[in-house]
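> Sequence isn't available, so here's the structure alone:
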C-alpha cells in the first residue's frame with residue numbers, strides 16, 4: 001500500500017514538472033503563418049550582465065528571472081554598458097519544417113545561440129548598423145530568420161546589446177513572413193501623415209538653405225551663411241532620424257559612428273550655435289545691444305564647449321551613459337537661454353525686430369514642446385517605418401520661424417539694395433564731377449592760348465609738340481574716365497604729361513623730379529584714374545606759381561610695408577598763404593581735391609579699397625612755410 005502511494009506521488013510530481021515545463025515552452029504550429037505572431041515574453045527568462053564580461057560558457061550558471069516580471073527603467077542611461085541574456089525553449093511538434101522570423105525589438109545588436117550537445121553555438125546575428133546586403137533579413141535589421149526542424153525541441157539563448165533609449169524594452173516575438181509584410185503595409189497607411197509632413201518639412205529647409213548659401217556668395221554677408229548652416233544641420237538632424245528606418249539608406253547608414261554615436265544632442269548644439277551667430281550678425285547686436293551681445297558670445301562659447309565634450313564622449317569614448325547625462329544637462333540650458341534670449345529681443349527696437357521676435361518666440365515654444373514630448377514619453381514609440389517620429393510642434397515652430405526670418409532677410413536685402421542704388425548713383429555723379437574737374441576750362445583755355453602764342457611767334461615745332469601732348473592728355477582723360485581702375489603706369493604717364501604741359505605753359509617754369517623705386521611693377525598695380533592730378537594741379541597753381549625764385553616739384557613712388565606710397569612734394573608758399581591769396585577767387589581751384597575725397601570714401605564703401613591720404617605742411621626752422629607734401633598710401 002505504501003509502495004502504491006509512493007508510485008502515485010512520483011507520478012504526480014512528474015506530471016507537475018511536465019506541465020511546468022510545457023508552460024515555459026513555446027509551441028510552434030503550422031497555423032503560425034495564419035495567426036501572425038507569438039509573443040514569447042511570458043515564457044522567456046532574463047539575466048542582465050552589468051559588467052559585460054561574463055562569458056558564453058558561464059552564462060548557464062547565472063540566475064535568470066522571468067522577463068515579464070522585470071521592469072526596465074525608461075529613463076536610464078546605464079544600459080549602454082550591459083549585456084542582456086534571454087533564455088527560451090521552442091518546440092516544433094509538427095511534422096513540417098517551420099521558417100519564421102524572430103526579434104527582441106530594435107537594438108544595437110542581437111546574437112542568437114542554440115544549445116547543441118550541451119554547448120551553445122551561434123546560429124544568427126544582426127546589428128543595427130548593417131546595410132541591407134549584410135542583414136540576415138534584408139528588409140528589416142530587427143529580425144533574424146530561424147528554421148525549426150519537425151518534432152524537435154530547441155533551447156535558445158539570445159544576447160542583446162543596446163545603446164540608451166527612452167523607450168527601451170525587450171520583447172521576444174516570433175512572426176511569420178506574411179505577417180511582417182502586412183505589418184509594413186499597414187504601417188505605411190498609419191504613418192502616412194508623419195511621412196508626408198516630414199518630407200515637406202525637409203524639402204522646404206533644403207530649398208531655403210541652398211538659397212541662403214547662394215545669397216552669401218552674391219552678397220557676401222555672414223548672416224546668410226550662418227542661417228544657411230543652421231538650416232543645413234536641421235536637415236541633417238531630420239535625415240539622422242529618418243535613417244533609423246529600415247528602408248532609408250542615404251548618408252548616415254554608411255557612417256555608423258554618425259548614426260549611432262551621434263545623437264540628437266549633437267545636432268541640437270550645432271544648430272543652436274549657428275542660430276545665435278545669425279542673431280548676433282543679422283541684428284548687429286554689438287551696436288544696438290552691447291550687453292546682450294556679450295552674454296550671447298559667452299553662451300555660444302558654452303555651446304561650443306558642450307559640443308566638444310559631447311563629441312569626445314560619444315564618438316571617441318563611446319560612453320553613451322555619460323553622453324545621456326550631457327543630454328540631460330544640455331536640454332534645459334538651451335531651453336532657459338532660448339526663453340531669456342527671446343525676452344531680450346523684445347527689449348530691442350528696429351524695423352526688422354518684429355519678424356525676429358515672432359519667429360524666435362514660436363521656435364522656442366516648439367522646442368520646449370518637443371523636449372517635453374521626449375521627456376514625458378509622449379511621442380509614439382511603436383512606429384514601424386518612422387521609428388524616430390518627428391516632433392510635430394517643433395517642426396511647425398521651425399517652419400513659422402523660417403517664414404518670419406526669411407521675411408526679415410528679404411526686407412533687409414531690399415533696404416541694402418536701396419542703399420546700394422543710392423550709393424551707385426552717388427558714384428556716377430562723383431565720376432561726372434571728377435571728369436568736369438579734370439577737364440578744367442581754364443587749363444584748356446590757357447593751353448590753347450599757349451599753342452596760339454607759339455604759332456604767332458613762328459614757333460611751329462614747339463606748338464606742334466605742345467598740341468600733340470595736349471591731345472594725348474585729353475584722350476587719356478576721356479578714355480580713363482570710363483574706367484574704375486587703371487594701371488599705376490598709365491596714371492603716372494598721364495600725371496607726368498600733365499606736369500610737362502603745365503611746365504611749358506608757364507614761362508618761368510619750375511624744376512620737376514620724377515623718382516620710381518626699382519622693382520615696382522607699375523603695370524600690376526591698380527589705381528583710380530586721375531587720382532594724382534588734383535594734388536599736382538594745386539601744387540603748381542597755388543604753391544609754385546605764387547612763389548619767386550627757385551621752384552621745384554617732386555613726384556616719387558616707393559614701396560613700404562606692402563603699400564605703394566606716392567609722394568607729391570613742392571617747395572611752394574604753403575597752403576595757409578595760398579588760401580589767403582585765393583579767398584576772394586572762384587572756388588574751382590579746390591573742387592578737384594574735394595571730389596577726390598568723396599571718390600575715396602565711395603571706393604571704400606563699394607570696392608573695399610581703403611586709400612589713405614596725408615597732407616603735410618612743411619615748415620622752415622623759423623616757422624615759415626617750406627611747401628606742401630601730399631602722401632598717398634595705396635593698398636598693394
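Thanks, I have the structure now. Note that this is a predicted model, so its numbers are computed, not measured.
> got a list of contacts for stretch 317-335?
77-78, 80-81, 163-164, 261, 263-265, 268-269, 272, 302-303, 306, 309-310, 313-314, 364, 367-368, 371, 375 (C-beta atoms under 8 Å, 6 or more residues apart in numbering). Using the backbone N, CA and C atoms, a C-beta is placed for each residue, glycine as well.
> Look at the residue sitting nearest the centre point of the chain and give its secondary structure.
The chain has residue 229 as the residue nearest its centroid, 2.7 Å off, counting by C-alpha atoms, centre = their mean. Recorded secondary structure, residue 229: helix (DSSP: H, G, I helix; E, B strand; the rest coil).
> which residues of the stretch 251-400 of the chain fall in helices?
Along the stretch 251-400 of the chain, the segments classed as helices by DSSP state H, counting those that start in this stretch run 256, 264-282, 285-288, 290-311, 320-345, 353-375, 392-438.
> What of the stretch 101-250 of the chain?
With helices called from DSSP H, counting those that start in this stretch, the stretch 101-250 of the chain shows them at 177-190, 192-219, 222-242.
> Can you tell me which of these is nearest to residue 389?
Closest to residue 389 of the helices of the stretch 101-250 of the chain is helix 192-219 (C-beta to C-beta; 5.9 Å).
> the inter-axis angle of the closest one versus helix 222-242?
In terms of direction (axes from the mean of the first three to the mean of the last three C-alpha atoms, to 10 degrees), helix 192-219 departs from helix 222-242 by 150 degrees.
> Between helix 264-282 and helix 192-219, find me the angle.
Using the same axes, to 10 degrees, the inter-axis angle of helix 192-219 relative to helix 264-282 is 40 degrees.
> how about helix 192-219: buried residues?
194-195, 198, 201-202, 204-205, 208-209, 211-213, 215-216 (16 or more other C-beta atoms under 10 Å).
> With respect to residue 379, which of the residues you listed is nearest?
Nearest to residue 379 among the buried residues of helix 192-219, counting by C-beta to C-beta, is residue 194 at 10.5 Å.
> Could you check how far the closest residue to residue 29 other than its chain neighbours is from residue 484?
Residue nearest to residue 29 in three dimensions, not counting chain neighbours: residue 94, with 6.3 Å by C-beta to C-beta, 6 or more residues apart in numbering. Noted for residue 94: a distance of 90 Å to residue 484, by C-beta to C-beta, to the nearest Å.
> Repeat that for residue 246.
Counting by C-beta to C-beta, the gap from residue 246 to residue 484 is 60 Å.
> Ok, residue 63 next?
Taking C-beta to C-beta, one finds residue 63 at 86 Å from residue 484.
> and if you look at residue 351?
To residue 484, residue 351 is 32 Å away according to C-beta to C-beta.
> Would you mind telling me which of those two has the busier surroundings?
Shown here are residue 351 and residue 484; by other C-beta atoms under 10 Å, residue 484 has more neighbours (14 against 10).
> That one in helix, strand or coil?
The local conformation at residue 484, judged by three-state DSSP, is coil.
> Nearest residue to it in space, ignoring adjacent ones along the chain?
residue 528 (7.0 Å).
> residues in contact with that neighbour?
The contact partners of residue 528, by C-beta under 8 Å, 6+ apart, come to 484-486, 599-600, 603, 611.
> of all the residues you listed, which two lie farthest apart?
Using C-beta to C-beta, those span at most 15.7 Å, a distance reached by 486 and 600.
> Any idea how many residues pack against residue 511?
If you count neighbours by other C-beta under 10 Å, residue 511 ends up with 12.
> still on that earlier bit, skipping adjacent residues, who's closest to the residue nearest to the centre of the chain in space?
Taking C-beta to C-beta, 6+ apart, and ignoring the residues beside it in sequence, residue 229 has residue 274 as its nearest neighbour in space, at 4.5 Å.
> Might you report the residue contacts of the one you found?
Going by C-beta under 8 Å, 6+ apart, residue 274 touches 226-227, 229-230, 233.
> Kindly indicate which of those lies nearest residue 85.
Among the contacts of residue 274, residue 233 lies closest to residue 85 (C-beta to C-beta), at 39.1 Å.
> Quick check: pLDDT value at that closest one.
Note on residue 233: pLDDT of 93.
> Next, work out how far apart it and residue 171 are.
According to C-beta to C-beta, residue 233 stands 34 Å off from residue 171.
> Neighbour count: those two, which is higher?
Higher neighbour count among residue 233 and residue 171: residue 233, with 23 against 13, using other C-beta under 10 Å.
> shouldn't that one be in contact with residue 272?
No - Residue 233 is beyond contact range of residue 272, at 9.5 Å (criterion: C-beta atoms under 8 Å).
> Let me see the contact set for residue 261.
Counting by C-beta under 8 Å, 6+ apart, residue 261 makes contact with 314-315, 318.
> cool, and residue 369?
Going by C-beta under 8 Å, 6+ apart, residue 369 touches 391, 393-394, 397.
> Check the gap between it and residue 395 for me.
Here the criterion is C-beta to C-beta. By it, residue 369 lies 11 Å from residue 395.
> what's the answer for residue 251, then?
Taking C-beta to C-beta, one finds residue 251 at 20 Å from residue 395.
> of the two, who's got more company?
Neighbour totals were compared for residue 251 and residue 395, and residue 395 leads with 21 against 14 (other C-beta under 10 Å).
> For the more buried one, report the pLDDT, please.
90.
> these two touch, right, it and residue 199?
No - the criterion here is C-beta under 8 Å, and residue 395 misses it with residue 199 at 11.3 Å.
> And stretch 500-520, what's buried?
Buried-residue list, stretch 500-520, by 16+ other C-beta under 10 Å: 501-502, 504-505, 510, 512, 520.
> Just the ones of these in helices?
Residues of these located in helices (DSSP state H): 501-502, 504-505.
> If you rank the contacts of residue 528 by neighbours, which is first?
Highest neighbour count within the contacts of residue 528: residue 599, with 21 neighbours (other C-beta under 10 Å).
> Report pLDDT for it.
Residue 599 is given a pLDDT of 70.
> Just say helix, strand or coil for residue 99.
Secondary structure state of residue 99, per three-state DSSP, is strand.
> Count the neighbours of it for me.
Residues near residue 99, counting by other C-beta under 10 Å, number 13.
> now do residue 489
Counted by other C-beta under 10 Å, the residues lying close to residue 489 total 16.
> show me what contacts it?
522-523.
> would it count as being in a helix?
Yes - assigned with three-state DSSP, residue 489 falls within a helix.
> Skip the chain neighbours and tell me the closest residue to residue 24.
In space, residue 24 is closest to residue 43, 5.4 Å off (C-beta to C-beta, 6+ apart).
> Tell me how many other residues surround that neighbour.
21.
> wait, it sits on residue 27?
No - using C-beta under 8 Å, residue 43 makes no contact with residue 27, being 9.7 Å away.
> how far away is residue 278 from residue 299?
From residue 278 to residue 299 the distance is 14 Å (C-beta to C-beta).
> When those two are compared, which one has more neighbours?
residue 278 (24 against 18).
> re the thing from before, which residues are in contact with both of residue 43 and residue 27?
With C-beta under 8 Å, 6+ apart as the test, residue 43 and residue 27 reach no residue in common.
> before we move on, back to that, enumerate every residue touching the residue nearest to residue 24.
Counting by C-beta under 8 Å, 6+ apart, residue 43 has contacts 23-26, 88-89.
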